[in-house]
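Chemist: can you look at this prediction? I've put the sequence above it.
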Amino acid sequence: MGWIRKRPDRPTPWRAGYRGPDGREHSRAFGRKVDAERWLRDELQKQDRGLWVDPSAGAVRFEEYAEEWFQGLVLKPKTIAGYRSLLDSRILPTLGPVELRRINPDFLRAWVAAMAADGLSASRMGQAKRVVSAVLAQAVDDGLIGRNPAETVKVPKTRERDQRYLTAERVTELADEVEQRMPGGAPLVKLLAYGGLRWGEAVALRSNNVDVLRHHVHVRESATLVNGKLVWGPPKSHRSRTIVIPAFLANEMAPTLSGSDLVFTSSTGQALRSPNFLRRVWKPAVADLGLGDLVPHDLRHTAASLAISAGASVKAVQRMLGHSSAQITLDRYTHLFEDDLESLAESMDARYAAAQVRPKRTSDGVSDLSEKAGKVDVPRVS
């Protein structure tokens, strides 16, 4: 049970309190009775629902707790760098000095509004909010706060970029344009477009992971640019895979393979870096072909499109792209499979029609095949 008392001689005359599950008395002062009643009601409800925590537990500042949370992360270097950037630039300057217990949904909504006023993109705001939510979720697990105030806070929706697909003919044209600017670039474009590798996976591909005779490419490693340096590690979600590439592509790649060397390198023999490749090779080639804002990742979508149009199943496309589940593949490329289902329906209709043509039977039980193969003379037995 709790209590509310009035102290007329105080600036905040209304004081509410209760005895908590820890056996101690907890109280707060308010200027209005209605606020005291609301606070007491909430605290008692938290006890009833098992959500109560010691109010003093959340007295730690957000920046102190966030730093401890950050030090315990076990993620890829690029993700770690992204979180660090968000903490330093968008989160800690505002939330850092605030105690965890003082952070509420209204405070976070004002923080999101300030980011929007600064012109921050919806994607960046969404990332910042996810980091804050992760920190506060950990605080809930640690018993410092009763609930995560970020759960009900919304950020502007990110408008996803429309997927782009190239036809096989356009892939060849793009490969030729890239080859003119970077010798050895044509097989890279074709591997992205027919094998579905991510850029980092293609950059990290080594010769001993290409089986020319079996047309196999073993995707075992990925390269990511973090703070200007290439960091080598496993593919996304730590999922290695083996894909099968067309014979023509395996034959094109064969002359460049040597030992465990990288398959694709710059003119100086170094690993490819996306900023340099985009500026010097990709963008000029794309501009000359009038392909607009096409990016290398669009070739991964192209690979899915070409595979599906060739009759590949959902599971086959999933394995090629390295998705963790077939559901992810369907979520991204359902519209392509819908086109495939239309072709399937037409094929099934044709088979049904063909099945309706049956040989006629004569009165003596012998099939009359004359309609399809001409008359057949059957010798009589005397």
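Modeler: That came in fine, so what should we check first?
Chemist: what about Q356, neighbour count?
Modeler: When neighbours are defined as other Cβ atoms under 10 Å, Q356 has 6 of them. Glycine gets a C-beta too; all of them are placed from N, C-alpha and C.
Chemist: measure it to H335 for me?
Modeler: Distance, Q356 to H335, by Cβ to Cβ, to the nearest Å: 33 Å.
Chemist: now do the contacts for S258.
Modeler: By Cβ atoms under 8 Å, 6 or more residues apart in numbering, the residues touching S258 are S207.
Chemist: again, but for R206
Modeler: So R206 contacts 221, 260-263 (Cβ under 8 Å, 6+ apart).
Chemist: do the same with V74
Modeler: Shown in contact with V74 (Cβ under 8 Å, 6+ apart): no residues.
Chemist: ok so it is a helix residue?
Modeler: No: applying DSSP: H, G, I helix; E, B strand; the rest coil, one finds V74 to be coil, outside a helix.
Chemist: give me the pLDDT value at it.
Modeler: Listed pLDDT for V74 reads 88.
Chemist: against R38, how distant is R28?
Modeler: R28 is 11 Å from R38, where distance means Cβ to Cβ.
Chemist: distance between the ends of stretch 316-332?
Modeler: By Cα to Cα, to the nearest Å, the extent of stretch 316-332 from end to end equals 15 Å.
Chemist: now stretch 162-172
Modeler: In stretch 162-172, first residue to last residue: 22 Å (Cα to Cα).
Chemist: buried sites along it?
Modeler: Using 16 or more other Cβ atoms under 10 Å as the test for burial, stretch 162-172 gives 163-166, 171.
Chemist: give me the subset of these lying in helices.
Modeler: In helices, judged by DSSP state H, the following of the buried residues of stretch 162-172 are found: V171.
Chemist: of all the buried residues of stretch 162-172, which comes closest to L188?
Modeler: Top of the list for closeness to L188, among the buried residues of stretch 162-172 and by Cβ to Cβ, is V171 at 11.7 Å.
Chemist: before we move on, the earlier item: just the buried residues of stretch 162-172 now: which is nearest T242?
Modeler: Of the buried residues of stretch 162-172, the one sitting nearest to T242 (Cβ to Cβ) turns out to be V171, at 22.3 Å.
Chemist: what residues are up against that closest one?
Modeler: 189-190, 193-194, 299, 302.
Chemist: please apply the same query to W52.
Modeler: Neighbouring residues of W52 by Cβ under 8 Å, 6+ apart: 20-21, 43, 46, 146.
Chemist: show me what the top helix by length along the chain is packed up against.
Modeler: The residue-count maximum for a helix in the chain (DSSP H) belongs to helix 326-355. For helix 326-355, the packing partners by 3 or more Cβ pairs under 8 Å, 6 or more residues apart in numbering; DSSP states H and E come out as helix 298-309, helix 314-321.
Chemist: now the angle from the first one to helix 326-355?
Modeler: Between the axis of helix 298-309 and that of helix 326-355 there is an angle of 30 degrees, by axes from the mean of the first three to the mean of the last three Cα atoms, to 10 degrees.
Chemist: who touches helix 298-309?
Modeler: Against helix 298-309 from outside (Cβ under 8 Å, 6+ apart): 163-166, 168, 171, 189, 192-198, 316-317, 320-321, 329, 332-333, 336-337, 339-340.
Chemist: roughly how far is that helix from the heart of the chain?
Modeler: Put simply, helix 298-309 sits 17 Å off its chain's centre (Cα atoms, centre = their mean, to the nearest Å).
Chemist: all set, thanks.
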